[in-house]
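*Asks:* curious how this folds, go ahead:
(chains A and B)
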Amino acid sequence: MLQTKLRSLAPKNDVVSFLILAAILLVALPILFDIFRLNLIGKYLTFAFVALGLVLSWGLGGILSLGQGIFFGLGGYAMAMFLKLEASNPENTQIQSTPGIPDFMDWNQLTELPWFWEPFHSFGFTLFAIIALPALFAYIIGAAMFKRRVGGVYFAIITQAIAAILTILIIGQQGFTGGVNGITDLRTLHGWDIRTDSAKYILYFINVMLLLATLVAAQYIRKSKLGRLLVAMRDSEDRVRFSGYDVANFKIFIFCIAGIFSSIGGAMFTLQVGFMSPSLIGIVPSIEMVIFAAVGGNLSIFGAIYGALIVNWAKTILSESYPELWLFAMGAMFIAVVLAFPKGLAGIYESYVQPWVDKKLKAIQDKKAKK
Amino acid sequence: MFADYTWAELGSIFAMQGFSGLILFSVLLLMALGLAIIFGQMGVINMAHGEFMILGAYITYLTSNLFSTYLPELFDAYFFIAIIFAFIGTFLLGALVEWTLIRHLYKRPLDTLLATWGLSLILQQLYRTIFGPREVGVTLPDWMMGSFQVSEMIEVPVNGMIVMVITLFITLGVFLFLQKSRKGKQSRAVVQNRAMAGAVGIDTARVDRFTFALGCGIAGIAGATFTMIGSTGPTSGQLYIVDTFLVVVFGGAASLLGTIASAFSISQAQSIMEFFLSGSMAKVLTLLTVIVILMLRPQGLFSLKVRR
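*Replies:* Below is the predicted model:
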């Protein structure tokens, strides 16, 4: 009983893909690259969290959110606020006119900590907020929209507008949020310096482990009854509704899950890169996150991770050497993914590479059987 | 926040801000008109709409340079020729884009969104390569500058007036075209019932291309008009795209009248609030209000009563 259930949750192919991915991320990349490059890869992998969430909500559920940067930012800012408060203890900030508050508040003539910063003194609350804030936010957006059967294009445009609003708000309220520069100069986590090389190694591995755990959760959702319902809803919403399911609740749930995934990614981004700014929240980054999932294949949870890695890698390489080419390449990628490869890399793998691998495997097995 | 001002001052503030709101209204409406045709009527999400507008602006910039070097005696009138060039240029690009990209994607609206976003990135980089990353501005003929003095405190800039007049004409033209002309009726018929329109002998593929290109052409006119009140850079289009989509969605996607009403209310709210709050907060409040209203009333201000 348990075995059949396990087998349905994790078919052999998926287990193999999972092990390969884990081997690449945990063994191959750390051996191949120095800490500077590994830290960059860690940064790319934080976007893989977002792409995973998009595979669930967009690929499976058909809900395209162009505002995943909102959730990435919520998680990232929550973590950044905690680290910033720790970095601006009264000893470090005694040259300010009000010691003990973050430096950008002092520059903006604030004399005390705003109320919503207070709870972020506690690490426990910060971790709680990284999960709860995006869930709450996604619930409000989702409930308001899906209960009224707003979906598809309208949902995409409205989430995009919310991302735009949040960016304008953060940039405008410089004294409370650090403005366009974001929250920078983060130093320690409970006295542990996060800027050293050894800390970066440890954070990379924490990041990968979290990502793998998220992957397992995503696989569980995909294979559960909920996952099947989501696919059914995407393909024929009315039929699911007439079968007696409350479509809106499933949509809200999966949107919240996607938000939480993004938020974890954002928090890990802050820890590894050492800052958080509105440039990771707005319209452009949010829509770039969609392209990670689309290039990887919006139906494949493994594809999402490779997509995030490859697109970001290409971005770094291209914009280092040919900055003008990057936007052309990116634009072409959008068009190509839509017109020529709707299933992304995962689709190419499934239709070309996998049959070849299967044939080879079968040939080996046949040989063994003959002997 | 009103306590520091006298009544007369408040009146003038509202008049002045109201007027600058009217200019904003004209720009929003011109941009939204093209989008209302493409998105509201055809259901295509054109994220590159802003870049079509910028193309119109760049064409105007080129025309003004052309006139000042070769035909300085006709410089006073260059603007009207620039508008025509801008329309033709963006119309042709629109037709090309429809032919290569959009026509494969009519049944997949979310995919048009991604593909046109890719297109917008390519166009932006193209502008940056050709015209350089810095913003360019056009020199206006003398008669377009200056302002009328209405009362002691109220001043009305001339270029703002011209923008409004152009908007009025274009809006009226589009409205009449869609309602009365043969081509307009055909495109409305295709939008409302594609199969039926095809059955009575309308070449739907051609009408689609024409409608899309027309929407782009209007964006080009919007861009040309835009040069009178602001400068143009490769990424200027992106600043407006969210606002424009919100205008169309807020107005009720299929209704031209709704687009006008929503452009008016959004621009007025924003420009009046701008005087009392900071610019960014005014924008945040306006957009937030629009989104809350849309959450309560997803079909927008004006919705057509149609059977779905």
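*Asks:* was I right about A:L325 contacting A:L318?
*Replies:* Yes. The pair A:L325 / A:L318 is scored as a contact, 5.5 Å apart, by C-beta atoms under 8 Å. C-betas here are computed from N, CA, C, even on glycine.
*Asks:* ok, the two, which is more surrounded?
*Replies:* Higher neighbour count among A:L325 and A:L318: A:L318, with 17 against 12, using other C-beta atoms under 10 Å in any protein chain shown.
*Asks:* what sits against the more buried one?
*Replies:* A:L325, A:W326, A:A329 (C-beta atoms under 8 Å, 6 or more residues apart in numbering or on different chains).
*Asks:* check A:D358 too.
*Replies:* Counted by C-beta under 8 Å, 6+ apart, A:D358 has zero contacts.
*Asks:* what helix or strand does it sit in?
*Replies:* Using DSSP states H and E, A:D358 sits in helix A:354-370.
*Asks:* likewise A:I131?
*Replies:* With DSSP H and E as the criterion, A:I131 is inside helix A:123-146.
*Asks:* contacts for that helix?
*Replies:* For helix A:123-146, contacts defined as C-beta under 8 Å, 6+ apart pick out A:67, A:70-71, A:74-75, A:78-79, A:81-82, A:119-120, A:151, A:154-155, A:158-159, A:162, A:189-190, A:247-248, A:251-252, A:255-256, A:258-260, A:262-264, A:266-267, B:295, B:298.
*Asks:* from the chain's centre, how far out does that helix sit?
*Replies:* Helix A:123-146 sits 15 Å away from the centroid of its parent chain (C-alpha atoms, centre = their mean, to the nearest Å).
*Asks:* next SSE downstream of the helix or strand harbouring B:E98?
*Replies:* Using DSSP H and E, B:E98 maps to helix B:78-100. Per DSSP H and E, the first helix or strand lying C-terminal to helix B:78-100 is helix B:109-131.
*Asks:* list the helices and strands that following helix packs on?
*Replies:* On a contact count with 3 or more C-beta pairs under 8 Å, 6 or more residues apart in numbering or on different chains; DSSP states H and E, helix B:109-131 meets helix A:152-172, helix A:283-296, helix A:323-339, helix B:49-70, helix B:236-251.
*Asks:* that one - what's its average pLDDT?
*Replies:* Helix B:109-131 carries an average pLDDT of 88.
*Asks:* what about it, distance to the chain center?
*Replies:* From the chain centre to the centre of helix B:109-131 is a distance of 18 Å (C-alpha atoms, centre = their mean).
*Asks:* chain A contacts on the stretch 201-308 of chain B?
*Replies:* B:238, B:242, B:245-246, B:249, B:278, B:280-281, B:283-284, B:287-288, B:290-291, B:294-295, B:298 (C-beta under 8 Å from any C-beta of the partner chain).
*Asks:* excluding its backbone neighbours, what's nearest the residue in the stretch 51-200 of chain B positioned nearest to chain A?
*Replies:* Of all residues in the stretch 51-200 of chain B, B:G118 sits closest to chain A, at 2.6 Å by C-beta to the nearest C-beta. Spatially, and ignoring its direct neighbours in sequence, B:G118 is nearest to A:F334 (2.6 Å; C-beta to C-beta, 6 or more residues apart in numbering or on different chains).
*Asks:* looking at it, the one you found is touching B:L113, isn't it?
*Replies:* No. Contact criterion C-beta under 8 Å: A:F334 and B:L113 do not qualify, at 9.6 Å.
*Asks:* tell me which other helices or strands whatever helix or strand A:L83 lives in touches.
*Replies:* In the assignment (DSSP H and E), A:L83 maps to helix A:68-87. In terms of contacts (3+ C-beta pairs under 8 Å, 6+ apart), helix A:68-87 is packed against helix A:35-54, helix A:123-146, helix A:152-172, strand A:188-189, helix A:247-273, helix A:283-296.
*Asks:* verify the contact between B:V190 and B:R209 for me.
*Replies:* No. At 10.9 Å, B:V190 does not count as touching B:R209 under the criterion of C-beta under 8 Å.
*Asks:* one step back: need the helices and strands packed on helix B:109-131 in TSV with distance to B:S20 and mean pLDDT, can you?
*Replies:* Listed next are the helices and strands packed on helix B:109-131 as TSV, based on distance: least, C-beta to C-beta, whole Å; pLDDT from 0 to 100:
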stretch	distance to B:S20	mean pLDDT
helix A:152-172	19	88
helix A:283-296	25	89
helix A:323-339	34	85
helix B:49-70	20	89
helix B:236-251	16	83
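*Asks:* ends of stretch A:236-256, what's the gap?
*Replies:* This stretch, stretch A:236-256, spans 22 Å end to end (C-alpha to C-alpha, to the nearest Å).
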